[in-house]
Structure formats: C-alpha cells, structure tokens
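1. predicted model, plus sequence, below.
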Amino acid sequence: MTSEVRTVQAGEVIRYADGIRDVYASAFAAPPWNEDPAEADVYAERLARDALRPGFTAAVATAGGTVTGFATAWITPEVFPADRSYGQVAEALGAERTRAWLCGALEVNELAVAPEAHGGGLGAALLDAVTGPAPGGRCWLLTSVRAEAALRLYERTGWRRVDAPVPGKAALVVLLGPRHPGLDEAGVGGEDGDGVGDGDGDGGGGAR
C-alpha cells in the first residue's frame, strides 16, 4: 500500500504520537543507533515538548491509517544551544560559521521510516516535506557517518556534508540542505550519491 505524506503543525502532530513512537522504535533499534525500544517512549514524551519550539513543523507518512514514517524540524535559536550535541557542533564549526549557517535555520531533528516501508522513496518525500518552510533555503541536520543508508539518502537529494567532523564517539557530521546559501563556502565533502541504493533508512537529524 502506498504511503501518503502530509505536513502537520504542532497542535496536530500529537494525534500521531503512538504511530510515531512505533516507527521510532523499529527504525532506531537497528545499527548504528542500536537504541533500546524503551527509548521510543522517551521520544514520544519529548515530542510533546519539541512541538512547542519556535518554527516547529513535522511530516507524517501514513498507509491505511498506520504511520509508516515521520520527520520533525524546528528553527535553531539565534543563540546557539549548548546542550545535547550542540556544543560539539559549535566546536567543530567555530562561532562564526555556526552563527552564519545554523542559527535561525531550519533544523531537521528526526527522520525515520518503518523498515517495512523502505524502498519507495518515502525518506526523500518526508525530507522534502519537512524542509519546505526552510527560511531562504537554510536547513541543516546532524547524523552519524556510520548511518550509511541515511547518508545515501541525504546526498542523493542534494544535501552535502560540511568538512568539519564533530568531536565525540558518535562520529557525527553536519549536513547542509541543497538550497542552503552556505554550500559554496562550506568546503563540503562526501560522495555525490548518484544511484547508490534507494536511500531510505533510519535517518536522524538535529542534535540527537
């Protein structure tokens, strides 16, 4: 059954919380994330708080009333946060590039597709839907270089890695969106992703 992707706002996303939790559990249980299924309950609780962030938006994919994928994003504050992985990102990019490229930009926080829905381009559709509101095309995300399927998706859809590895054991990397005005000066790296798989996988953006 084909999945339908729609954009939902803060007040509506909680209606899908149970399905989002199930997709999160199945998608992020796989390598390289290897998350305990119980973390999905924690995420469902955090989703309610995330929905209150300025500029929050989400995309949800459903098939026959069942959630098959989702993506969430919000506007990164003008004063760059220091919690979660944000501090490591700022260390990697430096204050000037962090402020110019990330502050005030749309930050993709989570992207996940249920394993049974892989192979149909759903990850790309969710990513396109959730980044539509990016101001001036400025959007970014953070993922692990070990998430090979997710990286193929991002690079195939025009996202590019910033050539500044984020310190820490998680092997994180910053990616800028295909319309980000900082691409030309970012010294971006990574493969061009031409024809490498279908790209669908357990993505993960933002400061996981």
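-> Yes, it's here.
2. low-confidence ranges in this protein?
-> Applying pLDDT under 70 to the chain flags residues 187-208.
3. max-length helix in it?
-> helix 38-50 (DSSP state H).
4. so where do the helices sit in this structure?
-> 10-13, 17-27, 38-50, 86-93, 95-101, 122-131, 148-156.
5. nearest to residue 140, of these?
-> helix 95-101 (6.7 Å; C-beta to C-beta). (C-beta placed from N, C-alpha, C; glycine too.)
6. name the helices or strands packed onto the closest one?
-> The contact analysis (3 or more C-beta pairs under 8 Å, 6 or more residues apart in numbering; DSSP states H and E) places helix 95-101 against helix 86-93.
7. before we move on, back to that, any chance of CSV for the helices of the chain, columns mean neighbour count?
-> Output for the helices of the chain, formatted as CSV (neighbours: other C-beta atoms under 10 Å):
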stretch, mean neighbour count
helix 10-13, 15
helix 17-27, 20
helix 38-50, 15
helix 86-93, 19
helix 95-101, 15
helix 122-131, 24
helix 148-156, 23
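8. can I get those in CSV with distance to residue 4?
-> What follows is these, written out as CSV (distance: least, C-beta to C-beta, whole Å):
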stretch, distance to residue 4
helix 10-13, 15
helix 17-27, 13
helix 38-50, 20
helix 86-93, 34
helix 95-101, 33
helix 122-131, 10
helix 148-156, 19
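9. mind checking which of those is nearest residue 61?
-> Going by C-beta to C-beta, the one of these nearest residue 61 is helix 122-131, 5.6 Å.
10. who does that closest one touch, helix- and strand-wise?
-> strand 4-8, strand 57-63, strand 66-75, strand 106-113, helix 148-156.
11. what's the most buried one of the ones you listed?
-> Most buried of those by mean neighbour count (mean count of other C-beta atoms under 10 Å) is strand 106-113; its value is a mean of 27.
12. quick one: it to chain centroid distance?
-> 2 Å (C-alpha atoms, centre = their mean, to the nearest Å).
13. residue contacts, residue 78?
-> 103, 104 (C-beta atoms under 8 Å, 6 or more residues apart in numbering).
14. how many residues are close by residue 132?
-> A count of nearby residues for residue 132, using other C-beta atoms under 10 Å, gives 13.
15. quick revisit: how far is the longest helix of the chain from where the chain is centred?
-> Distance of helix 38-50 from the chain centroid (C-alpha atoms, centre = their mean) equals 16 Å.
16. show me what that helix is packed up against.
-> helix 17-27, strand 66-75.
17. kindly recompute the last result at 6 Å.
-> helix 17-27 (3 or more C-beta pairs under 6 Å, 6 or more residues apart in numbering; DSSP states H and E).
18. which helices and strands does the helix it packs on pack with?
-> When contacts are defined as 3+ C-beta pairs under 6 Å, 6+ apart, helix 17-27 sits against helix 38-50, strand 66-75, strand 106-113.
19. wait, which of the ones you listed is closest to residue 5?
-> Between residue 5 and the helices and strands packed on helix 17-27, the tightest spacing by C-beta to C-beta is seen for strand 66-75, at 7.8 Å.
20. go through the helices of the chain and name the closest to residue 3.
-> That would be, of those and by C-beta to C-beta, helix 122-131, which comes in at 5.6 Å.
21. need the helices and strands packed on helix 122-131 in JSON lines (columns: distance to residue 19).
-> Shown next, in JSON lines, are the helices and strands packed on helix 122-131 (distance: least, C-beta to C-beta, whole Å):
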{"stretch": "strand 4-8", "distance to residue 19": "12"}
{"stretch": "strand 57-63", "distance to residue 19": "7"}
{"stretch": "strand 66-75", "distance to residue 19": "3"}
{"stretch": "strand 106-113", "distance to residue 19": "11"}
{"stretch": "helix 148-156", "distance to residue 19": "21"}
